[in-house]
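1. Here you go, sequence then predicted model.
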Amino acid sequence: MNFSERVYHETSLIPGGRVATYSYIARRAGNPGAARAVGNILNRNPYPGKVPCHRVVRRDRRPGGFARGTREKERLLKKEGILIVDGRVPERFFL
DNA sequence: GCTCTGACGATTT
DNA sequence: GAAATCGCCAGAG
């Protein structure tokens, strides 16, 4: 299993209504410090529908980017009950 | 193997 | 506190 496959796997484990950070996924995938690479990998998400890549946010709790726009990402999160206060995801929603 | 890119992160202006 | 700067890492070409 290469790094990117582990990233998709770990991301798929995030429960609904919860979020994780890029660095957290990088660490779980066995490569702490590869947060930036994780973002690039999720961007090309080959498993639409299977991998909830919108549940991965930045360490500073800001939403971060999204292939189809930050607005859409926020919409998806809100639909799961994850509110965004002042452009940030509250601490209680983190894994 | 080198260079460039970018859904990141921490530090410094 | 926003913007610039630097270090980081996997993919693509």
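-> Sure thing, it's come through. Given the structure is predicted, the values throughout are model-derived calculations rather than measurements.

2. Would you mind measuring from the residue nearest to residue A:67 when sequence neighbours are not counted to residue A:8?
-> Leaving aside its sequence neighbours, residue A:67 sits nearest to residue A:43 (Cβ to Cβ, 6 or more residues apart in numbering; 5.6 Å). All C-beta atoms are positioned from the backbone trio N, CA, C, and that covers glycine. Remark: distance between residue A:43 and residue A:8 (Cβ to Cβ, to the nearest Å) = 12 Å.

3. Next up, phi/psi of the most centrally placed residue in chain A, please.
-> Nearest residue to the geometric centre of chain A (Cα atoms, centre = their mean): residue A:56, 1.1 Å. In terms of degrees, to the nearest 10, the main-chain angles of residue A:56 are phi -110, psi 120.

4. Then residue A:20?
-> phi -130, psi 160.

5. for it, which residues make a bridge with it?
-> Taking DSSP bridges as the rule, residue A:20 bridges to residue A:56.

6. Contact partners for it?
-> Residues in contact with residue A:20 (Cβ atoms under 8 Å, 6 or more residues apart in numbering) are A:11, A:14, A:55-57, A:94-95.

7. can you list the residues you listed in TSV and add pLDDT and distance to DNA strand C?
-> Formatted as TSV, the contacts of residue A:20 follow (pLDDT from 0 to 100; distance: Cβ to the nearest atom of the strand, whole Å):
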residue	pLDDT	distance to DNA strand C
A:11	97	13
A:14	97	19
A:55	97	20
A:56	97	15
A:57	97	16
A:94	97	20
A:95	94	21
